[in-house]
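Student: This is the structure alone, sequence omitted:
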C-alpha cells in the first residue's frame, strides 16, 4: 500500500494536472459540438443528431484517421508532433458563424453535411493530441484517476451547459476551443519535459533539453525510412495492437449496438424512451464507480475480467430494452451508457498502457480505434434507421443485437484461443532453450543472464526497448555503444538509461551490473 501511495505521489506532477484539464476540455468540445452540430441542431437524442451531419462526421473522421495512420506508418509523423492549432481555430470560427449568422443563409442539409465533415477532420486531430498527453502518466493509478476525474468534470460541466440559452452554449463551445489553443502546447511541453513522459520515447526529455528532435521508438532516427526501420515500426505496432485487440473489439461493438438502439428509438417512435441525459448520467456514474473502486481496493480494474466477463452480461441488457415502457426506458438507458462509458474509459487506459509497454507512438493504435468506432457506429445507425421503418422492426433489432453479441463472443473465443496458443508456444520455446543450455558447456554470457533479465523485466515492467538497454548495461557497454547497436541516437539511449535507472532504483551502471551477481 505504501509503495502504491508513493507511486501515486510521484505521478501527481504538473503535467498530469494540465493534461487532465486539456483532456476534459477536449471531451466537452467533442461531445457538445457533435450532439448539437456546433449549435446548428438543438434537439439531440443520445448519439442521434442530424443524419447528414453524422454521415459527414464519419467521412471526415475516417479520412483523418487514414492520413494519421499513413503518416505514422511511414515515419513522417513523430511523437508530440500532430498538428491541432488549425483545427482549434476552425472549430472556434464555426461556432461563431453558427451563433451570429442568420439561419436563413444556411441551407440545412448542405450546411449540416459540411459541418459534419469539418467535425470529423478537426475533432479527430484535437483528440489525438489530447490523448497523447495522458501518456505522461507513469503510474497506472494516476492514469485511471485522470480518466475518471475527466469523466466527472465532463458530466458536471455538460449538465450546467444544458441550463444555458443557445447563444451562450455556442459561445462557450468557441471558448473551449480557444482555451485549448494555449493549453495544449503548454501541456505538451510539460509532458515532454518529464523524464518518463511519453511511452514511445523515454529519451524525449533528454533530447528536448538538448534541442534535438525527438526520435520515436517506432521510427528510429538512425535508420530513417529504410526497410529495417519500417519493419521495426510495424513489429512494434503489431505488438501494441495485439495487446489492445480486446478493448478495441469491445468498444467498437458497443458503438454499433448503442447506435442501433438509439436510431431505432428515434426513427420508429417506439414506446420505450432513451433518456436524452443518459450519456451524461452514464459518464457521471461511471466516474464515481471507478474512483470508489480504486480508492477502496487500491487496484486497477482488470481488463480481461471486465471485457470477458462483465461486458457480455451488460450487452444482454440491450436484448430486453425494447420490451420496457417509458418507466424503465430511462433508467435502463442510463445503465447502458454507464457500461459504455466504462468500456471507453478502460479501452483508453489499456491502449495508453500498451503503448508505454511496447514503446509505440499512440497515433497508430488510436487511429485504428477511432476508425473502428466510427465505422461500427455508422453501421448501427444505418441498421436502426432501416429497422425503424419496418413493422416488425423490433424483432430485427433483437436479431441484430443477438448477432452482434454472437460475433463478440466468437471474438472472445478467438482471443482466448490465441492467448492459449501463445502461452503453449512460449512453454515449448522455454523447454527448447533449457534443453540447449543444458547441452552446452560452458554457457555464454547471454545465456547465463537471460533468466535474470526476464526476472527484472517482469518485476519492474520494463518495455522491450528498456530490456535491450538493460542487456547492454549488464555487458558493461557505454551509452554510445548501446545507441549504435540499437540504431538510436546517443541522446535517446541516454534517455532510456535514465528511465531504466529510475525504474530499477539505481543511479549508475555498476549498480545495474550488481543486479546480475548471484
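Tutor: Structure received. Owing to the predicted nature of the structure, the values given are computational and were not obtained by experimental measurement.

Student: what comes up buried for stretch 160-176?
Tutor: Within stretch 160-176, the residues that count as buried by 16 or more other CB atoms under 10 Å are 161, 169-174, 176. From N, CA and C alone the C-beta is placed, and that goes for glycine too.

Student: same thing with stretch 68-85?
Tutor: Buried residues in stretch 68-85 (16+ other CB under 10 Å): 68-69, 71-73, 75, 77-82, 84.

Student: Narrow those to those in helices?
Tutor: Under the assignment DSSP state H, the buried residues of stretch 68-85 contribute 68-69, 71-73 to helices.

Student: will you turn these into a markdown table that also has pLDDT and distance to residue 253?
Tutor: What follows is these, written out as a markdown table (pLDDT from 0 to 100; distance: CB to CB, whole Å):
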| residue | pLDDT | distance to residue 253 |
| --- | --- | --- |
| 68 | 96 | 23 |
| 69 | 95 | 21 |
| 71 | 93 | 28 |
| 72 | 92 | 25 |
| 73 | 89 | 25 |
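
Student: Would you indicate which residues of stretch 289-300 are buried?
Tutor: Applying 16+ other CB under 10 Å to stretch 289-300 flags 290-291, 294, 300 as buried.

Student: Please identify which of these is nearest to residue 339.
Tutor: Nearest to residue 339 out of those is residue 290 (CB to CB; 12.3 Å).

Student: Please identify which helix or strand holds the closest one.
Tutor: Using DSSP states H and E, residue 290 sits within helix 278-297.

Student: I'd like the average pLDDT over that helix.
Tutor: Across helix 278-297, the average pLDDT comes to 83.

Student: what helices or strands is it leaning on?
Tutor: helix 140-161, helix 326-358 (3 or more CB pairs under 8 Å, 6 or more residues apart in numbering; DSSP states H and E).

Student: rank these by pLDDT, which is bottom?
Tutor: Mean pLDDT is lowest for helix 326-358 out of the helices and strands packed on helix 278-297, coming in at a mean of 80.

Student: could you point out which element follows that helix?
Tutor: Following helix 326-358 in sequence order, the next helix or strand is helix 362-388 (DSSP H and E).

Student: I'd like the average pLDDT over that following helix.
Tutor: In this model, helix 362-388 has a mean pLDDT of 90.

Student: can you give me the angle it makes with helix 326-358?
Tutor: 160 degrees (axes from the mean of the first three to the mean of the last three CA atoms, to 10 degrees).

Student: Now do the same for residue 6: its pLDDT.
Tutor: Confidence score, pLDDT, at residue 6: 55.

Student: whoops, I mixed them up, residue 509
Tutor: pLDDT recorded at residue 509 is 81.

Student: give me the element the spatially closest residue to it that is not a sequence neighbour is part of.
Tutor: Once flanking residues are discounted, residue 509 sits nearest to residue 473: 5.5 Å by CB to CB, 6 or more residues apart in numbering. Assigned by DSSP H and E, residue 473 belongs to helix 464-474.

Student: Helices along the stretch 1-150 of the chain, start to end?
Tutor: 2-11, 14-35, 51-73, 85-100, 108-133, 140-161 (DSSP state H, counting those that start in this stretch).

Student: quick one: the helices in the stretch 151-300 of the chain?
Tutor: 166-193, 204-209, 227-268, 278-297.

Student: export those to JSON lines and tack on distance to residue 345?
Tutor: Formatted as JSON lines, these follow (distance: least, CB to CB, whole Å):
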{"stretch": "helix 166-193", "distance to residue 345": "20"}
{"stretch": "helix 204-209", "distance to residue 345": "26"}
{"stretch": "helix 227-268", "distance to residue 345": "10"}
{"stretch": "helix 278-297", "distance to residue 345": "6"}
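
Student: quick one: which of those helices has the weakest pLDDT on average?
Tutor: Ranked by mean pLDDT, these bottom out at helix 204-209, with a mean of 36.

Student: if we can go back for a sec, and the helix holding residue 290 with helix 140-161, angle?
Tutor: For helix 278-297 against helix 140-161, the angle by the same axes, to 10 degrees is 150 degrees.

Student: Mind listing residues that contact helix 278-297?
Tutor: 31, 46-47, 141, 144-145, 147-149, 151-152, 154-156, 158-159, 275, 299-301, 330, 333-342, 345 (CB atoms under 8 Å, 6 or more residues apart in numbering).

Student: change it to 6 Å
Tutor: Helix 278-297 is contacted by residues 148, 151-152, 154-155, 158-159, 333-334, 337-338, 341-342 when judged by CB atoms under 6 Å, 6 or more residues apart in numbering.

Student: Equivalent analysis for stretch 115-124, please.
Tutor: Looking at stretch 115-124 with CB under 6 Å, 6+ apart, the contacting residues turn out to be 30, 33, 37-38, 53, 56-57, 59-61, 64, 87, 90-91.

Student: got the buried residues of stretch 160-176 as a markdown table, with distance to residue 353 columns?
Tutor: Converted to a markdown table, these look like this (distance: CB to CB, whole Å):
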| residue | distance to residue 353 |
| --- | --- |
| 161 | 32 |
| 169 | 35 |
| 170 | 37 |
| 171 | 38 |
| 172 | 33 |
| 173 | 32 |
| 174 | 34 |
| 176 | 28 |
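
Student: Which members of those are the farthest-apart pair?
Tutor: Most distant of those, by CB to CB, are 161 and 174, 12.9 Å apart.

Student: if we can go back for a sec, could you point out which element follows the helix holding residue 473?
Tutor: Counting by DSSP H and E, what follows helix 464-474 is helix 479-486.

Student: could you give the angle of that next one to helix 464-474?
Tutor: Interaxial angle, helix 479-486 versus helix 464-474 (the same axes, to 10 degrees): 130 degrees.

Student: what's helix 479-486 packed up against?
Tutor: helix 464-474, helix 490-504 (3 or more CB pairs under 6 Å, 6 or more residues apart in numbering; DSSP states H and E).

Student: export those to TSV and tack on distance to residue 129?
Tutor: TSV is the format used below for the helices and strands packed on helix 479-486 (distance: least, CB to CB, whole Å):
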stretch	distance to residue 129
helix 464-474	24
helix 490-504	22
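
Student: Include mean pLDDT and distance to residue 267 when you put those into a markdown table, please.
Tutor: Listed next are the helices and strands packed on helix 479-486 as a markdown table, based on pLDDT from 0 to 100; distance: least, CB to CB, whole Å:
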| stretch | mean pLDDT | distance to residue 267 |
| --- | --- | --- |
| helix 464-474 | 83 | 49 |
| helix 490-504 | 83 | 53 |
